[in-house]
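Asker: Sharing a model prediction with you, sequence too.
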Amino acid sequence: MAASWGAYIFISNLIPLYVLVMIAIRRYHRRLYVAYTTFWAVGGLLAMQVRFIGSNHVTSHELLAFNMVWLGLQAWEVLLWLRARTTQAQFSAAISTVLLTAVGLVFGGVVVLTAAGKMTPWTGRFWTLLNPTYAKKYIPIIASVSEHQPTTWATYIFDVHVLALAAPAGLYFCFKGMRDAQLFLLTFALTAIYFSGIMIRLMLVAAPAFVLLGSLAISSTLDTYATDLREATSSSGMAADAAALAEPSSTPQPVKKSKSKVASSKQLLGGVLPYRRDTAVVVLLLLLGGLISYSKHCKWVTSEAYSSPSIVLISGWGPHRVVLDDFREAYYWLRHNTAPDAKIMSWWDYGYQITSMANRTVIVDNNTWNNTHIATVGRAMASNEEDAYEIIKRLDVDYVLVIFGGLSGYSSDDINKFLWMVRISGGVFPAHIQEKNYLSGQGEYTIGANANPIMLDSIMYKMSFYDFGNIMTEHGKPTGYDRVRQMEIGRKEIDFKHLQEAFTSEHWIVRIFSVKDLANRAER
């Protein structure tokens, strides 16, 4: 996991959290010490073989708990060893000195290494998990990523289906058993589900927790009601046999309803509750229906929702299916109609796609570590053409690419992402870009007639809606009607001085503009 995804830090902190929980409830034992020490040594050595991680596995603040718990366990085992070999008075006198010295050395070492820059600080993603509002306030580029958005209830139902309902029951069975295994599952599930609610990308971590809790709940329920069904069926058979044996008696005898007779009757029937068999049948049928529905949902999700490549957009079903291949079409055009050394400026979301499919250099890509560089691109997109042209030439850009969904109805376009570009660039260039300047007088983000003039004059707006004012998108609507924002655009007459349209895909999803060269002095 460490070789493929940074979320290995979650697992690396989950195990020490479980150890601390076991210590807190006084379930610490030598097996726990051996298991954690082995995990720390083997897991740490393997993780350090990944070039991107290296020594950060030891010096990172994000893994401080992983390493500090290991040190704490070593110190505790040393104290237990000393206690077995010294008197009570000697041990009591030494323990406070040893503990204070060890804590002081560890704390002082961390402070010194941090001040010297030898320890990697906590990242913005880590702080966002602890404080969900942190990224939006201080690092908007993290908050702008769709994977970092909070998870909705609809996503939980779509991704885990009936397990979203079975998981709470699984928590109940964990609390009911409370063995070491159940305690670990509780620790894992509660932390994973909590953090998945903060970032949708952590659904990948929470999914195993849902599966384990759901399987525990479903298997326990199946076992309980299958047993009830067998016992109820068996008791009914015993009651029928008893009635058959009593029928041949021709002379009825008076029956005294004594307590012993009632007790023997209950014993004969096994203490069957009313409708026990019917209840068991209904519950088992409901579980069977839920499992069949879950199986069908999983097959559909894997074959349809999570199997289509992100560059191919598919809408509709069966004979009404429509395939929008604009991304591949645009990247193919870039590959065959631009110079091999051409530089493309777009928002960072499409950087890796352009690099791999169009084989062209991009200004920013999905490696979002350089916040200032991304903010510079955002500033260019949010500026008017004159100011943007200066930035574009400084970055040596040849083409500018934008994604537009006003014609096709594609909602994940750059106009919907534009406020994040403004926020990110405003955090680095507050003297030039401010979010309020892109909102209407009523404080709304709009592209209609009451949009802010600065918004209407930005090159993002002009490139997206260039020539769009002459297009009729829906019957009964005016020209220039944006199908995503559900309104008529506020500016239809758009022209450029330093940019010119080079390519627009079939459904207008990808629009590419070439950058004109600087005019000669004689032409100015």
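Answerer: Right, received. Where do you want to start? Since the model is a prediction, treat every value here as computed from it, not as a measurement.

Asker: contacting residues for Ala35?
Answerer: Residues near Ala35 by C-beta atoms under 8 Å, 6 or more residues apart in numbering: none. C-beta coordinates here come from the backbone N, C-alpha and C atoms, glycine included.

Asker: Secondary structure element holding it?
Answerer: Per DSSP states H and E: Ala35 is located in helix 30-48.

Asker: following that helix, which helix or strand shows up next?
Answerer: helix 56-59.

Asker: buried ones in that following helix?
Answerer: Asn56, His57 (16 or more other C-beta atoms under 10 Å).

Asker: Mind giving me the packing neighbours of it?
Answerer: helix 30-48 (3 or more C-beta pairs under 8 Å, 6 or more residues apart in numbering; DSSP states H and E).

Asker: Low-confidence ranges, the chain, go.
Answerer: Applying pLDDT under 70 to the chain picks out residues 235-274, 308-309, 318, 519-524.

Asker: which residue packs closest to Val510, ignoring adjacent ones?
Answerer: Closest residue in space to Val510, ignoring its immediate chain neighbours: Ala330 at 3.6 Å, by C-beta to C-beta, 6 or more residues apart in numbering.

Asker: got the CA coordinates for the helix holding Ala35 in CSV?
Answerer: Taking Å, rounded to 0.1, in the frame of the first residue of the first chain, the C-alpha atoms of helix 30-48 are listed here in CSV:
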residue,chain,number,x,y,z
ARG,A,30,3.3,-9.9,25.5
ARG,A,31,1.7,-11.1,22.3
LEU,A,32,0.7,-7.5,21.5
TYR,A,33,4.2,-6.3,22.1
VAL,A,34,5.7,-9.0,19.8
ALA,A,35,3.2,-8.4,17.0
TYR,A,36,3.6,-4.6,17.0
THR,A,37,7.4,-4.7,17.2
THR,A,38,7.5,-7.1,14.3
PHE,A,39,5.0,-4.9,12.3
TRP,A,40,7.1,-1.8,13.1
ALA,A,41,10.4,-3.4,12.0
VAL,A,42,9.2,-5.3,8.9
GLY,A,43,6.7,-2.7,7.7
GLY,A,44,9.0,0.2,8.3
LEU,A,45,11.9,-1.4,6.4
LEU,A,46,9.6,-2.3,3.4
ALA,A,47,8.1,1.2,3.3
MET,A,48,11.5,2.8,3.3
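
Asker: In contact with the residue nearest to Val510, which residues?
Answerer: Per C-beta under 8 Å, 6+ apart, neighbours of Ala330: Ala358, Leu401, Phe503, Ser505, Ile509, Val510, Ile512.

Asker: Present the residues you listed as JSON lines; the columns should include distance to Leu287 and secondary structure.
Answerer: Converted to JSON lines, those look like this (distance: C-beta to C-beta, whole Å; DSSP: H, G, I helix; E, B strand; the rest coil):
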{"residue": "Ala358", "distance to Leu287": "51", "secondary structure": "helix"}
{"residue": "Leu401", "distance to Leu287": "51", "secondary structure": "strand"}
{"residue": "Phe503", "distance to Leu287": "55", "secondary structure": "strand"}
{"residue": "Ser505", "distance to Leu287": "49", "secondary structure": "coil"}
{"residue": "Ile509", "distance to Leu287": "45", "secondary structure": "coil"}
{"residue": "Val510", "distance to Leu287": "48", "secondary structure": "strand"}
{"residue": "Ile512", "distance to Leu287": "54", "secondary structure": "strand"}
